[in-house]
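> just a sequence and a predicted model for now, questions to come.
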Amino acid sequence: AQRVTQPEKLLSVFKGAPVELKCNYSYSGSPELFWYVQYSRQRLQLLLRHISRESIKGFTADLNKGETSFHLKKPFAQEEDSAMYYCALGGSARQLTFGSGTQLTVLP
Amino acid sequence: GAGVSQSPSNKVTEKGKDVELRCDPISGHTALYWYRQSLGQGLEFLIYFQGNSAPDKSGLPSDRFSAERTGGSVSTLTIQRTQQEDSAVYLCATRLAGVTGELFFGEGSRLTVL
(Lines give C-alpha, C1' and ligand atoms only; values in the text may rest on other atoms or scores of the structure.)
Protein backbone atom coordinates (compact mmCIF):
# COMPACT_ATOMS: atom_id res chain seq x y z
CA ALA A 1 0.00 0.00 0.00
CA GLN A 2 1.10 3.55 -0.68
CA ARG A 3 1.04 6.10 2.11
CA VAL A 4 2.27 9.67 2.52
CA THR A 5 2.71 11.31 5.90
CA GLN A 6 3.07 15.02 6.51
CA PRO A 7 3.44 15.32 10.27
CA GLU A 8 2.88 19.06 10.54
CA LYS A 9 -0.57 20.44 9.83
CA LEU A 10 0.58 23.99 10.53
CA LEU A 11 4.01 25.59 10.25
CA SER A 12 4.92 29.22 10.89
CA VAL A 13 8.26 30.85 10.20
CA PHE A 14 9.48 34.42 9.98
CA LYS A 15 10.39 36.01 6.67
CA GLY A 16 14.00 35.30 5.81
CA ALA A 17 14.20 32.21 8.01
CA PRO A 18 14.81 28.72 6.60
CA VAL A 19 11.83 26.48 6.18
CA GLU A 20 11.49 22.71 5.91
CA LEU A 21 8.23 20.91 5.28
CA LYS A 22 8.47 17.25 6.15
CA CYS A 23 7.19 14.38 4.06
CA ASN A 24 7.65 10.66 4.63
CA TYR A 25 6.32 7.94 2.41
CA SER A 26 5.67 4.23 2.49
CA TYR A 27 6.05 2.30 -0.75
CA SER A 28 7.80 -0.93 -1.61
CA GLY A 29 8.73 -0.11 -5.18
CA SER A 30 10.55 2.74 -6.86
CA PRO A 31 8.68 5.90 -5.91
CA GLU A 32 7.97 9.08 -7.79
CA LEU A 33 7.57 12.00 -5.40
CA PHE A 34 6.04 15.41 -5.97
CA TRP A 35 5.20 18.57 -4.10
CA TYR A 36 2.00 20.41 -4.92
CA VAL A 37 1.08 23.88 -3.66
CA GLN A 38 -2.22 25.68 -3.24
CA TYR A 39 -2.04 29.44 -2.75
CA SER A 40 -5.01 31.27 -1.29
CA ARG A 41 -7.95 31.30 -3.73
CA GLN A 42 -5.95 29.48 -6.40
CA ARG A 43 -6.12 25.95 -7.67
CA LEU A 44 -3.75 23.21 -6.63
CA GLN A 45 -0.67 23.10 -8.85
CA LEU A 46 2.55 21.16 -9.21
CA LEU A 47 5.54 22.79 -7.51
CA LEU A 48 8.28 20.29 -8.21
CA ARG A 49 9.04 16.63 -8.81
CA HIS A 50 12.01 14.67 -7.52
CA ILE A 51 12.98 13.32 -10.90
CA SER A 52 13.68 16.81 -12.21
CA ARG A 53 16.05 17.69 -9.37
CA GLU A 54 15.22 21.33 -9.94
CA SER A 55 14.73 24.39 -7.76
CA ILE A 56 11.40 26.13 -8.15
CA LYS A 57 10.76 29.47 -6.45
CA GLY A 58 13.83 28.74 -4.33
CA PHE A 59 12.42 25.42 -3.08
CA THR A 60 14.27 22.14 -3.38
CA ALA A 61 13.46 18.62 -2.27
CA ASP A 62 15.74 15.61 -2.14
CA LEU A 63 14.50 12.06 -2.21
CA ASN A 64 16.11 10.04 0.59
CA LYS A 65 15.24 6.41 -0.03
CA GLY A 66 17.00 5.26 3.14
CA GLU A 67 14.81 7.46 5.31
CA THR A 68 11.85 7.27 2.90
CA SER A 69 11.61 11.05 3.01
CA PHE A 70 11.12 13.88 0.54
CA HIS A 71 11.32 17.03 2.62
CA LEU A 72 10.76 20.42 0.98
CA LYS A 73 13.26 23.12 1.86
CA LYS A 74 13.90 26.78 1.23
CA PRO A 75 16.79 28.69 2.80
CA PHE A 76 15.02 32.07 3.06
CA ALA A 77 11.24 32.07 3.29
CA GLN A 78 9.20 34.86 1.72
CA GLU A 79 5.71 36.04 2.63
CA GLU A 80 4.43 34.93 -0.77
CA ASP A 81 5.39 31.36 0.11
CA SER A 82 2.45 31.21 2.51
CA ALA A 83 0.24 28.43 1.16
CA MET A 84 -0.91 24.85 1.66
CA TYR A 85 1.69 22.33 0.57
CA TYR A 86 0.95 18.71 -0.29
CA CYS A 87 3.45 15.92 -0.78
CA ALA A 88 2.35 13.28 -3.29
CA LEU A 89 3.51 9.80 -4.21
CA GLY A 90 3.11 8.11 -7.56
CA GLY A 91 3.73 4.39 -7.54
CA SER A 92 2.24 1.34 -9.16
CA ALA A 93 -1.23 2.81 -9.03
CA ARG A 94 -1.91 5.37 -11.72
CA GLN A 95 -3.27 7.77 -9.19
CA LEU A 96 -1.24 10.04 -6.92
CA THR A 97 -1.47 9.48 -3.19
CA PHE A 98 -1.44 12.77 -1.33
CA GLY A 99 -0.49 13.60 2.22
CA SER A 100 -2.77 15.56 4.51
CA GLY A 101 -0.98 18.82 3.76
CA THR A 102 0.96 21.45 5.69
CA GLN A 103 -0.29 25.02 5.94
CA LEU A 104 2.77 27.25 5.82
CA THR A 105 2.54 30.80 7.13
CA VAL A 106 5.46 33.15 6.65
CA LEU A 107 5.27 35.99 9.13
CA PRO A 108 6.59 39.49 8.31
CA GLY B 1 -10.91 26.12 -22.31
CA ALA B 2 -7.42 26.63 -21.04
CA GLY B 3 -7.85 24.75 -17.80
CA VAL B 4 -9.94 22.14 -16.03
CA SER B 5 -13.41 23.52 -15.44
CA GLN B 6 -15.72 22.34 -12.66
CA SER B 7 -19.34 23.16 -11.93
CA PRO B 8 -21.04 24.12 -9.77
CA SER B 9 -18.40 25.96 -7.78
CA ASN B 10 -20.65 25.87 -4.73
CA LYS B 11 -23.56 23.59 -3.92
CA VAL B 12 -25.68 23.60 -0.78
CA THR B 13 -28.12 20.74 -0.47
CA GLU B 14 -30.28 19.06 2.10
CA LYS B 15 -29.46 15.70 3.56
CA GLY B 16 -30.94 12.92 1.47
CA LYS B 17 -30.90 14.78 -1.86
CA ASP B 18 -28.84 13.70 -4.86
CA VAL B 19 -26.15 15.95 -6.35
CA GLU B 20 -24.20 15.94 -9.59
CA LEU B 21 -20.81 17.54 -9.99
CA ARG B 22 -19.35 18.15 -13.42
CA CYS B 23 -15.77 18.27 -14.73
CA ASP B 24 -14.63 19.52 -18.14
CA PRO B 25 -11.03 18.40 -18.73
CA ILE B 26 -8.29 20.08 -20.68
CA SER B 27 -8.65 19.10 -24.32
CA GLY B 28 -6.54 16.05 -25.10
CA HIS B 29 -6.10 14.94 -21.50
CA THR B 30 -7.21 11.34 -21.49
CA ALA B 31 -6.65 10.64 -17.79
CA LEU B 32 -9.14 12.14 -15.32
CA TYR B 33 -9.26 11.90 -11.55
CA TRP B 34 -11.70 12.84 -8.82
CA TYR B 35 -10.39 13.69 -5.36
CA ARG B 36 -12.13 14.86 -2.21
CA GLN B 37 -10.55 17.55 -0.07
CA SER B 38 -11.74 17.70 3.50
CA LEU B 39 -10.46 19.97 6.24
CA GLY B 40 -7.49 18.31 7.89
CA GLN B 41 -7.82 15.18 5.77
CA GLY B 42 -5.79 16.09 2.73
CA LEU B 43 -6.78 14.84 -0.69
CA GLU B 44 -8.66 11.57 -0.77
CA PHE B 45 -8.60 9.69 -4.08
CA LEU B 46 -12.04 8.71 -5.35
CA ILE B 47 -11.85 7.42 -8.92
CA TYR B 48 -9.66 7.44 -12.01
CA PHE B 49 -10.67 7.35 -15.67
CA GLN B 50 -8.55 6.49 -18.66
CA GLY B 51 -10.68 7.52 -21.60
CA ASN B 52 -14.20 6.42 -20.78
CA SER B 53 -13.27 3.46 -18.64
CA ALA B 54 -12.61 3.54 -14.92
CA PRO B 55 -9.88 1.01 -14.11
CA ASP B 56 -9.66 2.23 -10.53
CA LYS B 57 -12.80 2.90 -8.50
CA SER B 58 -11.19 1.88 -5.26
CA GLY B 59 -11.56 5.22 -3.57
CA LEU B 60 -15.31 5.61 -3.83
CA PRO B 61 -16.40 5.67 -0.17
CA SER B 62 -19.77 3.96 -0.61
CA ASP B 63 -22.24 2.80 -3.24
CA ARG B 64 -23.93 6.19 -2.98
CA PHE B 65 -21.02 7.55 -5.03
CA SER B 66 -20.73 6.95 -8.76
CA ALA B 67 -19.02 8.60 -11.69
CA GLU B 68 -19.08 8.39 -15.42
CA ARG B 69 -17.21 9.86 -18.30
CA THR B 70 -18.56 10.17 -21.80
CA GLY B 71 -16.74 10.73 -25.08
CA GLY B 72 -13.45 10.66 -23.25
CA SER B 73 -14.22 14.17 -22.10
CA VAL B 74 -16.75 15.43 -19.57
CA SER B 75 -17.10 13.54 -16.30
CA THR B 76 -19.92 13.61 -13.79
CA LEU B 77 -19.62 12.60 -10.14
CA THR B 78 -22.97 11.72 -8.60
CA ILE B 79 -23.67 11.43 -4.90
CA GLN B 80 -27.01 9.92 -4.01
CA ARG B 81 -28.85 10.43 -0.73
CA THR B 82 -26.25 12.89 0.50
CA GLN B 83 -25.10 12.81 4.11
CA GLN B 84 -23.51 15.56 6.18
CA GLU B 85 -20.17 13.74 6.08
CA ASP B 86 -20.17 14.18 2.30
CA SER B 87 -19.54 17.91 2.80
CA ALA B 88 -16.16 18.68 1.24
CA VAL B 89 -14.49 20.19 -1.80
CA TYR B 90 -14.54 17.79 -4.74
CA LEU B 91 -11.58 18.27 -7.04
CA CYS B 92 -11.18 17.08 -10.60
CA ALA B 93 -7.74 16.71 -12.11
CA THR B 94 -6.55 15.64 -15.55
CA ARG B 95 -3.29 14.78 -17.24
CA LEU B 96 -1.86 13.69 -20.55
CA ALA B 97 -1.59 9.98 -21.18
CA GLY B 98 1.81 8.59 -20.25
CA VAL B 99 2.86 11.64 -18.24
CA THR B 100 2.76 10.65 -14.61
CA GLY B 101 2.64 13.07 -11.77
CA GLU B 102 1.67 16.36 -13.30
CA LEU B 103 -2.01 16.69 -12.61
CA PHE B 104 -3.90 19.81 -13.64
CA PHE B 105 -6.59 20.61 -11.12
CA GLY B 106 -9.87 22.40 -11.38
CA GLU B 107 -10.97 24.94 -8.80
CA GLY B 108 -13.24 22.41 -7.18
CA SER B 109 -16.89 22.10 -6.26
CA ARG B 110 -17.62 22.93 -2.63
CA LEU B 111 -20.47 20.75 -1.39
CA THR B 112 -22.31 21.56 1.81
CA VAL B 113 -24.92 19.12 3.06
CA LEU B 114 -27.25 20.58 5.67
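Everything's here; your move.

> my read is residue A:80 is in a strand, agree?
No - assignment of residue A:80 by DSSP: H, G, I helix; E, B strand; the rest coil gives helix, placing it outside any strand.

> what is the burial count for the closest residue in space to residue A:35 that isn't next to it in sequence?
Sequence neighbours aside, residue A:47 is the residue nearest to residue A:35 in space, at 4.4 Å (criterion: Cβ to Cβ, 6 or more residues apart in numbering or on different chains). Just so you know, the C-beta spots here come from the backbone N, C-alpha and C atoms, and that holds for glycine as well. For residue A:47, the count of nearby residues is 19 (other Cβ atoms under 10 Å in any protein chain shown).

> again with residue B:67
Residue B:67 has 21 nearby residues by other Cβ under 10 Å.

> residues contacting it?
Going by Cβ atoms under 8 Å, 6 or more residues apart in numbering or on different chains, residue B:67 touches B:34, B:46-47, B:49, B:54, B:57, B:60, B:75-78.

> tell me the centre residue of chain B?
Chain B has residue B:34 as the residue nearest its centroid, 3.3 Å off, counting by Cα atoms, centre = their mean.

> part of a strand, is that residue?
Yes - with three-state DSSP as the criterion, residue B:34 is located in a strand.

> given the lowest-mean-pLDDT helix or strand in chain A, what are its sheet partners and their directions?
Least confident element among the helices and strands of chain A, by mean pLDDT, DSSP states H and E: strand A:96-98 (a mean of 90). Partners of strand A:96-98 in the sheet, by DSSP bridges, are strand A:83-90 (antiparallel).

> starting at the chain centroid, how far to the strand it pairs with?
Strand A:83-90 has its C-alpha centroid displaced from the chain centroid by 5 Å (Cα atoms, centre = their mean, to the nearest Å).
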